[in-house]
Every structure is written in C-alpha cells, then in structure tokens.
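Novice: build me a model from this:
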Amino acid sequence: DHCLRRAGRQERHEALRQRAARKHAQLVLPACRHRAGLQRQGDAVHLPCGRLQRNAHRVCFTQRFPVRGPVGFAVAVTVTVALTVAFGGVQPIIVTVAESNPTSGLADAAAGFTGRGITQALAVSESAFLDSVERRRPGTSMRAYVTRTLPHSSAIVVANRAPHEPRPEGGFTRGAGGVITALLTLAEVTAAEWVACARTDAERDLVAQHGPTSTVPLIRGETRLHYVTPTPEQYEQHYSMISNPVLWFTQHYLWDLAQQPIINGRIHRAWTNGYVDVNQQVARRVAEVASRLPDRPLGLVHDYQLYLVPKLVREMVPGAIIQHFVHIPWPTPQYWKVLPREMRDAILHGLLGCDIVGFQSSGDVRNFLMTCEMNGGLAVDDRERAVLVDGRVVYVRNYPISIDVASTTRLSFSHGVMVEERKLRDWRPEHLIVRIDRTDPAKNIVRGFLAYEKLLAHHPELKGKVQFWAFLQPSRQDVAVYRNYVRRVRQVVQRIN
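Specialist: Predicted coordinates for the structure are as follows:
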C-alpha cells in the first residue's frame with residue numbers, strides 16, 4: 001500500500017535523523033557515487049543538501065540579519081561608537097543595538113559575521129558538495145512547480161510593505177522584515193504584481209511624482225508595485241495602534257490580563273478609522289489590479305495587518321482564488337476574547353473570505369479551527385481541516401516557511417565568512433553565546449539575560465570561560481510599549497554587569 005510505504009519511509013528518516021543527532025556522525029563524500037553529496041558513515045544514506053549537516057571538527061554558524069546605520073549601544077563594531085557592558089569584567093554581556101536596513105552591514109569581527117548580515121548554516125568543507133550547491137539556481141524547482149500547478153492564474157502579492165522601498169537620495173532599498181524576505185522569491189517565481197501601503201514620506205513622494213504604480217526590483221527580476229496611499233494619520237492608527245500592539249500582543253499572549261488590554265474609545269476609533277479603512281483601501285486596489293490581469297486572479301494576502309482584505313476582495317472579485325498566510329501564532333479562542341466581539345468577528349470572517357488560510361504550524365491550524373467553532377459558531381471538519389461558511393469550504397493548512405538553502409550555503413562558503421571565521425577562532429573564549437533579535441517583548445530578551453545570570457551563579461567554574469554577545473535591533477520605536485521594553489532591556493543589562 002502506497003500510504004503504508006510512505007509512512008514507513010518517514011519513520012525510517014526520522015529514526016536516522018535522531019541517530020545522527022546522538023552520534024554527531026561524521027560526514028564523508030560517498031566513495032561509490034559520481035555525484036556531489038554527503039553520506040553518514042555506518043548508515044550509508046545519502047543526505048540531500050537541503051538538510052542541515054554537521055562536521056565533527058568545525059561548525060560555522062551564520063544567519064541573515066539586516067541592520068541599519070549607527071546606533072545605541074554596541075561593542076567591537078566598526079560601524080558604531082558605543083558602550084561596552086561586561087559581566088564582572090570577565091563574563092561580559094555585550095549588547096549591540098542596531099537599526100534595521102539591509103543596505104548596510106554589521107561589520108563585527110568579534111562575532112564572526114559579515115557585511116550584509118549574518119547567515120546560519122553548518123559548514124561542510126568538501127568542495128564537491130559546494131560545487132553541487134553552486135550549480136543549483138534558487139527558485140528553479142519552485143518555478144517549475146508553479147508553472148505546472150497554476151498554469152492559468154495571475155498572482156497578486158498583497159502585503160503591508162513593498163518589496164523594495166525608495167531611498168530619499170534616489171534608487172531603491174530592499175524592504176525590511178522577515179515577511180519581505182520570505183515573499184521575494186514567491187513574487188519572482190509567480191511573476192506576481194504587488195500591492196502594498198505607502199508607509200513613509202519617501203513612498204508618498206514617489207506616488208505623488210510617478211503615480212500609484214511603479215516598477216521595482218525583486219531578486220533578479222522586477223515587479224509592478226501598486227501603492228495604496230492612506231493618510232499618515234490613518235496609517236498610524238492602522239499600524240501603530242491596532243496592528244501593533246493590539247493584534248501583535250494578542251497573538252503572542254503578551255497582555256497582562258489582570259490589567260490589559262484597555263479597549264477604550266481611542267482604540268475603537270483607531271479600529272474604525274485606521275485598521276478597517278486601510279484594509280478597505282487595500283482591497284479596492286487589489287480588485288482594481290485584478291480586473292486588468294490576463295488570467296484568473298490569485299490573491300496571496302499576508303499577515304496580521306490585512307485580516308479584513310480577503311472577504312472584501314471576495315465581494316468585489318467573486319471568481320478570485322484567495323489565500324491569506326498568517327506569519328505569526330494564532331492564539332486559543334479564549335484568548336481572542338480579550339478583544340471586543342466587533343473586532344474579533346471581523347477578523348475571523350475577513351479571513352474566511354479566503355479559499356485557503358495558511359499558518360506556520362499545525363497548532364495554529366487547530367487553534368484557528370477551534371476559534372471558528374467556539375467563537376464563530378461555524379461548522380468545522382477537524383479531519384479535513386476545513387470550515388463551512390456561506391456555502392463555501394475554506395481549507396486551513398500549515399505551510400512552514402523555509403529558507404533558501406542554496407544561497408545560504410554559498411554565503412557560508414564565501415571568502416568574507418571564511419575570513420571572519422578565522423578571526424573568531426583566534427580570540428573567542430571556550431564558550432561563546434550569541435543571540436540576534438529585535439527588541440520585541442515576544443522575543444524573551446530580558447529573561448534570556450536573567451537565565452545567563454543564573455547560569456553563572458550556579459556554575460562558577462565558567463568564570464572567564466564564557467561570553468554572551470547579544471545583537472539587538474530596536475523595533476517599532478514609534479510604539480510606547482516597545483520603547484519601554486528597550487529601556488527595560490538596558491536596565492537589566494546594566495544591573496547584571
């Protein structure tokens with residue numbers, strides 16, 4: 001039976017992965033095959049290059065981390081002037097605060113990271129493997145898949161941010177944030193148009209000079225970008241009052257429920273005049289773009305800023321295929337009840353305008369189905385992971401977002417990374433802890449520092465043998481809660497040191 005064979009394969013693969021983790025198995029080139037690949041000694045199983053692999057003698061950690069400009073406090077960073085904070089003079093917590101921009105680099109030899117960011121990969125020294133990765137063109141298999149599965153669809157990516165944003169001095173810079181990173185390849189392989197909000201003065205100036213539609217770069221190709229132009233007041237209410245912190249805090253379980261949230265008249269006005277209004281503007285622009293496409297519109301809507309868009313687009317373009325992907329957790333139905341029914345029902349039914357609602361994890365799928373059943377009173381099929389609403393079936397699925405393995409591996413083998421890796425080996429202590437985060441309350445930064453303090457208190461033998469480097473990117477500093485969190489982070493670091 002095919003299903004049984006597939007299940008058996010998965011079990012065997014899982015067993016192999018667990019065994020490899022236990023043994024820290026050494027990877028060697030296959031002696032009997034003429035293709036680039038790696039095998040685990042003893043198991044004789046080919047490992048594809050898409051899997052993270054371990055070399056017993058050398059491990060190089062890297063992860064993409066866009067940064068912008070000079071900032072707050074930093075240490076051993078060539079592009080900033082800052083304050084060094086050291087734990088007792090021998091076990092330092094070194095905190096670097098940097099602003100986000102992919103066009104500038106964090107040139108930090110101490111951390112072993114290069115130019116445009118930080119890449120996380122496990123280095124494999126065999127050149128044959130590197131050659132095989134170099135021959136792969138990122139997105140090729142996805143391009144073929146899209147062509148095969150969606151031959152008569154015209155895609156529209158709908159997101160809060162643009163893929164590239166205008167610089168005040170001219171030209172474009174890549175849009176900040178993980179969502180944009182995830183969507184660039186998608187937009188390129190689907191040849192999608194892009195709808196986004198004009199969020200900054202530079203974007204509003206671009207619209208005033210050239211109209212709402214511009215051609216902007218993606219990765220290798222270009223896309224037609226269609227701006228929506230809410231007023232600065234509307235956008236502030238939409239983004240800085242409702243999306244952040246109300247929705248973000250709700251979906252990350254961040255409220256102090258004994259005292260928060262306080263949904264007063266100010267929040268209700270921001271919901272109506274900001275969040276609802278901006279979603280309506282975005283939906284109208286999507287419908288306008290869809291009316292000019294050659295094939296059936298495929299709307300790919302993204303994240304918590306645009307929950308109302310799918311239903312609005314469904315009403316204006318009934319024949320469209322619509323998917324909304326939620327990039328953040330979906331909480332339990334009980335937790336959603338911290339919001340007024342007006343808001344939570346609008347969010348739920350806005351998403352149910354889709355054909356498919358996508359999440360990162362199966363737990364999010366279960367929570368969404370329970371929310372539809374318990375809060376919305378809708379018929380739910382748990383086995384099919386589907387909701388029946390208005391005579392339509394809405395499917396709910398989890399699609400974890402991956403990284404571009406080929407380009408990440410190439411970067412890990414680049415000359416710059418190798419140079420910084422050698423510098424790191426020359427000075428690093430026996431134990432080096434590195435974390436990279438936005439200063440967001442959801443990132444658990446403060447408790448991470450407290451855990452480090454506890455580690456040193458319980459293991460005095462680590463004195464002089466361990467260092468903690470934290471690279472922190474100030475996030476959403478236009479929102480009071482986030483500014484207060486940065487202040488709290490600084491206070492804890494100073495106290496510990």
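
Novice: from now on I want contacts and neighbour counts done on CA atoms only, so please keep to that.
Specialist: Noted.

Novice: all strands for the stretch 301-450 of the chain, in order.
Specialist: All strands of the stretch 301-450 of the chain, identified by DSSP state E, counting those that start in this stretch, fall at 321-325, 356-359, 379-381, 386-389, 392-398, 431-438.

Novice: and the pLDDT at S100?
Specialist: Per-residue pLDDT puts S100 at 38.

Novice: ugh, typo on my part, it should be A182
Specialist: Confidence score, pLDDT, at A182: 82.

Novice: secondary structure class for it?
Specialist: Here A182 is recorded as helix under DSSP: H, G, I helix; E, B strand; the rest coil.

Novice: measure the spatially closest residue to it that is not a sequence neighbour to E193 for me?
Specialist: Leaving aside its chain neighbours, A182 sits nearest to I401 (7.3 Å; criterion: CA to CA, 6 or more residues apart in numbering). Remark: distance between I401 and E193 (CA to CA, to the nearest Å) = 21 Å.

Novice: these two: which has the busier surroundings?
Specialist: E193 (23 against 13; other CA atoms under 10 Å).

Novice: thought that one was touching T223?
Specialist: Yes. With contacts counted by CA atoms under 8 Å, E193 reaches T223, the gap being 5.8 Å.

Novice: which residues do those two both contact?
Specialist: A187 (CA atoms under 8 Å, 6 or more residues apart in numbering).

Novice: report the buried residues of stretch 217-229.
Specialist: P217, L218, E222, T223, R224, L225, H226, Y227, V228, T229 (16 or more other CA atoms under 10 Å).

Novice: list the residues that contact the second one.
Specialist: Residues in contact with L218, defined by CA under 8 Å, 6+ apart, are P163, H164, L184, T185, A187, E188.

Novice: from these, which is closest to A290?
Specialist: A187 (15.5 Å; CA to CA).

Novice: ok so, going back, scan the contacts of L218 and report the most crowded one.
Specialist: Result: P163 is most packed of the contacts of L218 (other CA under 10 Å), 29 neighbours.

Novice: leaving out sequence neighbours, find the closest residue to that one.
Specialist: Once flanking residues are discounted, P163 sits nearest to G175: 5.1 Å by CA to CA, 6+ apart.

Novice: how near is that neighbour to F359?
Specialist: With CA to CA as the criterion, G175 and F359 are 22 Å apart.

Novice: could you give me the average pLDDT of stretch 287-303?
Specialist: 96.

Novice: based on its surroundings, how many neighbours for E233?
Specialist: 11.

Novice: what residues of the helix or strand hosting it count as buried?
Specialist: E233 is part of helix 232-236 when elements are defined by DSSP states H and E. Residues of helix 232-236 classed as buried by neighbour count (16+ other CA under 10 Å): Q234, Y235, E236.

Novice: can I assume the first one is in contact with T272?
Specialist: Going back to what we said before, that points to Q234. No. The criterion here is CA under 8 Å, and Q234 misses it with T272 at 9.7 Å.

Novice: tell me the centre residue of this protein?
Specialist: G178 (3.4 Å; CA atoms, centre = their mean).

Novice: worst-scoring helix or strand of the chain, pLDDT-wise?
Specialist: strand 27-28 (a mean of 31; mean pLDDT, DSSP states H and E).

Novice: L306 contacts N160, correct?
Specialist: Yes. Applying CA under 8 Å, one finds L306 in contact with N160, separated by 7.4 Å.

Novice: more neighbours: which of those two?
Specialist: A direct count of neighbours by other CA under 10 Å for L306 and N160 places L306 higher, at 26 against 23.

Novice: need the nearest residue in space to the more buried one, chain neighbours excluded.
Specialist: N279 is the one closest to L306 (CA to CA, 6+ apart), at 5.9 Å.

Novice: helix or strand for that neighbour, which one?
Specialist: Per DSSP H and E: helix 277-290 holds N279.

Novice: burial check on E169, number of neighbours?
Specialist: Neighbour tally, E169, other CA under 10 Å: 7.

Novice: swap in H459?
Specialist: 9.

Novice: next up, phi/psi of it, please.
Specialist: phi -130, psi 70 (degrees, to the nearest 10).

Novice: residues touching it, list them.
Specialist: Here H459 is in contact with no residue (CA under 8 Å, 6+ apart).

Novice: follow-up on the earlier one: show the pLDDT at the residue nearest to the centre of the chain.
Specialist: pLDDT, read off for G178, is 80.

Novice: before we move on, what about the one 10 residues further on?
Specialist: The predicted structure scores E188 at 89 on the pLDDT scale.

Novice: ok, the nearest residue to V479 once chain neighbours are set aside to N484 distance?
Specialist: Residue nearest to V479 in three dimensions, not counting chain neighbours: S240, with 6.0 Å by CA to CA, 6+ apart. Distance of S240 to N484, computed by CA to CA: 15 Å.

Novice: neighbour-wise, which of those two wins?
Specialist: Set S240 next to N484 and count neighbours by other CA under 10 Å: S240 wins out with 20 against 12.

Novice: confirm the more buried one sits in a helix?
Specialist: Yes. The assignment for S240 (three-state DSSP) places it in a helix.

Novice: any idea of the mean pLDDT for stretch 324-342?
Specialist: On average, stretch 324-342 scores 97.

Novice: and for it, what's in contact with it?
Specialist: Contacts for stretch 324-342 (CA under 8 Å, 6+ apart): 179, 250-253, 261, 263, 300-304, 310, 344, 351, 354, 356-360, 364-365, 367-368, 370-371, 374-375.
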